[in-house]
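K.L.:
I would like the atomic coordinates for the input below:
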Amino acid sequence: MITIKKHIARASLLLATVAFAGCSGTPTYPPAPERTGQYDWNYLVGPGDSVNVFVWRNPEVSGTFPVRPDGKMTMNLVEDLQASGKTPTQLARDIEKALAKYIQEPIVTVIVGGGVGPFDQQIRVVGEAAKPQALNYREKMSLVDLMIAVGGLTDFAAGNKAYILRTVDGKQERLGVRLEDLLRGGDVSANVDMRPGDVLVVPESLF
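P.N.:
Residues are numbered from 1 along each chain as shown. Model prediction:
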């Protein structure tokens, strides 16, 4: 009789443990991938960027020009040229083609100053970050770099329940990250690489 009671007690304890685990706030989505240190990325011009155009031996055509919200730019001798979504090199070649109507064999160099890039290459931070905002992606940008830029977490953040929304091959993935361990526990293994277009969501703690 005593043995039966012990088995019943153990079974009850096991069920209670499973139930507690099922009710806990532990994320069920997969963890973020490990850092690889390698990622091919080229900056693309976007609306709001300032483009410095240098035309060799033609200073009167050169200058600094803004990219409009519609993604186009207007410069000396060239109107409504599509700039958004192109690399600076691609834009330079397009400007050369447009200027070839007026200048013999133009040589153009494009430098982007203070760029933010197109929307699909920005990184957004929403939720319980100190300064939620959209940031321009920088090469080899990591999670800790991003958190420094937004000022860390608020006192109400559930850092270890945060996640990254990332589009891979046209499908959105949800990748768990451990901000609490990274920022307050100093666990560098929780640091991961960011990608253009990522959205970091930091939920509010329920406790």
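K.L.:
remind me which residues of the chain are low pLDDT?
P.N.:
By pLDDT under 70, the weakly predicted segments of the chain are 1-40, 114-115, 207.
K.L.:
and the residue nearest to the spatial centre of the chain, helix, strand or coil?
P.N.:
Taking Cα atoms, centre = their mean, the centroid of the chain lies closest to residue 123, which sits 2.8 Å from it. Recorded secondary structure, residue 123: strand (DSSP: H, G, I helix; E, B strand; the rest coil).
K.L.:
ok, it - contacts?
P.N.:
Contacts for residue 123 (Cβ atoms under 8 Å, 6 or more residues apart in numbering) come out as 134-137, 141, 146, 194, 196-200. Yep, even glycine has a C-beta here, placed from its N, CA and C like the rest.
K.L.:
derive a ChimeraX selection command for the buried subset of those.
P.N.:
The following ChimeraX line selects those of the contacts of residue 123 that are buried, judged by 16 or more other Cβ atoms under 10 Å:
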select :135,136,137,141,146,194,196,197,198,199,200
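K.L.:
wait, isn't residue 94 in contact with residue 88?
P.N.:
No - using Cβ atoms under 8 Å, residue 94 is not in contact with residue 88; the gap is 10.8 Å.
K.L.:
who has more neighbours, those two?
P.N.:
residue 88 (20 against 17; other Cβ atoms under 10 Å).
K.L.:
could you measure the more buried one against residue 158, distance?
P.N.:
According to Cβ to Cβ, to the nearest Å, residue 88 and residue 158 sit 40 Å apart.
K.L.:
check residue 104 too.
P.N.:
When distance is defined by Cβ to Cβ, residue 104 is 63 Å away from residue 158.
K.L.:
of the two, who's got more company?
P.N.:
Legend: neighbour count by other Cβ under 10 Å for residue 104 and residue 158, higher for residue 158 (19 against 6).
K.L.:
which ones are touching residue 109?
P.N.:
Contacts for residue 109 (Cβ under 8 Å, 6+ apart) come out as 53-54, 56, 92.
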